[in-house]
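S.K.: Can you look at this prediction? I've put the sequence above it.
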Amino acid sequence: MNDNHFKFSNAVVGLPLFFVLFLWIIYWIQIRFDVDFYQNGIYPRDFSGLQGVLFSPFIHENLEHLYNNSIPLLVLLAALQFFYPKQSFVVIVFGILFSGLITWIIGRANFHIGASGLIYVLVSFIFFKGIQTKYYRLVALSLSVILLYGGMIWYVFPDVDKTISWEGHLAGFITGFGLSLYYKTPEYTKPIIYDWQRPDFDPSADPFMKHFDEDGNFVNTEVVEEETENLDSFFNSNITVNYIVTKSESGDKG
């Protein structure tokens, strides 16, 4: 697989816009009709709290909470859809499910809401998958994600900020790493620029490559043989040399 694998499509823009717009519509319903969606969040180790595994990513506490999650989602979902189009759907769906279940298991006895868990899934998946492929474009994407969102790693630890769900962040990070290991991507190859990079290239058919041995050392046997033949013919040939002697009136020889 080469760079042709990365093709722009309407889904690269449509997927993140639709997802984020849906979050804003849910929040608008919440404040417009004064609906309490908090009870639909994840409540750990409680059977009724399992509903939050599905609903919690779409519920936000306030406008600042929603805004802070919207920008990373737009960027990360677009990157996911462009570079990993075949895995984007399963990463989103299973990322929400597994990160929610882990949060339900390890979380504090409180309602956990917000799409930050999914954001950690995306950051973790894109970073680890790019490193695993060792393909230069995806490795560059991994480094870009670290530059943009590397500081988020601190929020997977407890007591950094007690107002946030560090359990949800940790669950998302673990889930993204697990998905990067489970879902395989095609092997990526560097783009072919020269003929000798092609798999079917035959060095013996290339006049230039004939001057190199199997170890890549330069061997110019044809030129050496030709020069030897020229030297032999030069020394073995009969050459007549005519000398012209002139004499001046003063008797000096030139």
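M.R.: It's in.
S.K.: who are the neighbours in contact with residue 123?
M.R.: The contact partners of residue 123, taken as C-beta atoms under 8 Å, 6 or more residues apart in numbering, are 72, 76, 145, 149, 152, 173, 176. In this view, the C-beta of every residue, glycine as well, is placed from N, C-alpha and C.
S.K.: swap that for residue 105, please
M.R.: By C-beta under 8 Å, 6+ apart, the neighbours of residue 105 are 44, 45.
S.K.: Relative to residue 45, how far out is it?
M.R.: According to C-beta to C-beta, to the nearest Å, residue 105 stands 7 Å off from residue 45.
S.K.: Over to residue 82?
M.R.: Residue 82 sits 38 Å away from residue 45 when distances are taken as C-beta to C-beta.
S.K.: do residue 37 as well
M.R.: 21 Å.
S.K.: any idea which of the contacts of residue 123 is closest to residue 66?
M.R.: Checking the contacts of residue 123 against residue 66 by C-beta to C-beta gives residue 72 as the nearest, at 11.8 Å.
S.K.: What count of nearby residues applies to that closest one?
M.R.: 20 (other C-beta atoms under 10 Å).
S.K.: Let's see the pLDDT reported for it.
M.R.: Here the pLDDT value assigned to residue 72 is 97.
S.K.: which residues touch it?
M.R.: Residue 72 makes contact with 119, 122, 123, 149, according to C-beta under 8 Å, 6+ apart.
S.K.: What of residue 118?
M.R.: With contact taken as C-beta under 8 Å, 6+ apart, residue 118 is in contact with 57, 73, 92, 95, 96, 99, 172.
S.K.: now do residue 154
M.R.: Contacts for residue 154 (C-beta under 8 Å, 6+ apart) come out as residue 160.
S.K.: any idea how far it lies from residue 126?
M.R.: For residue 154, the distance to residue 126 (C-beta to C-beta) stands at 19 Å.
S.K.: Check residue 21 too.
M.R.: Applying C-beta to C-beta to residue 21 and residue 126 gives a distance of 22 Å.
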